[in-house]
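A.B. asks: Pasting the sequence and the predicted model now:
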Amino acid sequence: MNGTAGTGDAWAGGKIRLRGVEPEDWEGFCDLARHTHDVRNAGLAGPPRSAEGFRAWTAERAGRPPGGEAFRLVIETLADRAFAGSVTVAEADSRAGRFRTGIEVARGHRRKGYAREATGLILTHMFTEQRCNKCEVEVYAFNDASLALYRALGFTEEGRLRQHEFIAGEYHDVVLLGITAAEFAVSPGRTRFPQDQPSR
């Protein structure tokens, strides 16, 4: 997966590409977990993990076969091949044609459009290659950045679970958002990549 945008790499955008997890990515994942506020936004607050714990966790994921009902990919910058975060697919239901996604972007790589590109690549893959019909996300009501990202991509708020999660000493609402394949295909927020165009 060494391609760049414009070379037919379906996993590359204009700024980033998505690739499988490698054992050496443990430092990037460790860095993501250092910021307690960010971890709470993702609902993953817990005791600190050791460096060895991150090495073992990352090595195990690097050894998993690609795809399936749940998987995680690394966001890597095209300019310098830096670890910029990760994006996940979970709860894929082939019968219902539905899946969920989530994203984490490292602090030094935010506000550069990486989250939008990475999510767009995942949606494109799941809708056009896996025959999925709908993507759903759950976002804490206080996570304004994530809500803005998904709304910009064309997601619609479908409901709200009131006082659904307990974080930092308080109960918080969870916002449910969704987008169908047809909605994503015409979404003004969708980034079009060269590989979206059919070959002649």
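C.D. replies: It's in.
A.B. asks: Pull up the gap between residue 31 and residue 115, please.
C.D. replies: Residue 31 sits 16 Å away from residue 115, going by CB to CB, to the nearest Å. (Each C-beta comes from the backbone N, C-alpha and C, glycine too.)
A.B. asks: Neighbour count: the two, which is higher?
C.D. replies: Neighbour tally, residue 31 and residue 115, criterion other CB atoms under 10 Å: the higher count belongs to residue 115, 25 against 15.
A.B. asks: Can you pull the poorly scored residue ranges out of the protein?
C.D. replies: Across the chain, residues meeting the criterion (pLDDT under 70) sit at 1-7, 35-46, 193-200.
A.B. asks: and the longest helix belonging to the chain, what does it pack onto?
C.D. replies: Under DSSP state H, the helix in the chain containing the largest number of residues is helix 114-128. In this structure, helix 114-128 makes packing contacts with strand 16-19, strand 71-77, strand 83-93, strand 98-105, strand 134-140, helix 144-152, helix 181-185, judged by 3 or more CB pairs under 8 Å, 6 or more residues apart in numbering; DSSP states H and E.
A.B. asks: Turn these into TSV, including distance to residue 164.
C.D. replies: Below are the helices and strands packed on helix 114-128 laid out as TSV (distance: least, CB to CB, whole Å):
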stretch	distance to residue 164
strand 16-19	30
strand 71-77	24
strand 83-93	17
strand 98-105	15
strand 134-140	9
helix 144-152	15
helix 181-185	25
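A.B. asks: These: which one's closest to residue 55?
C.D. replies: When the helices and strands packed on helix 114-128 are compared by CB to CB, strand 83-93 sits nearest residue 55, at 14.6 Å.
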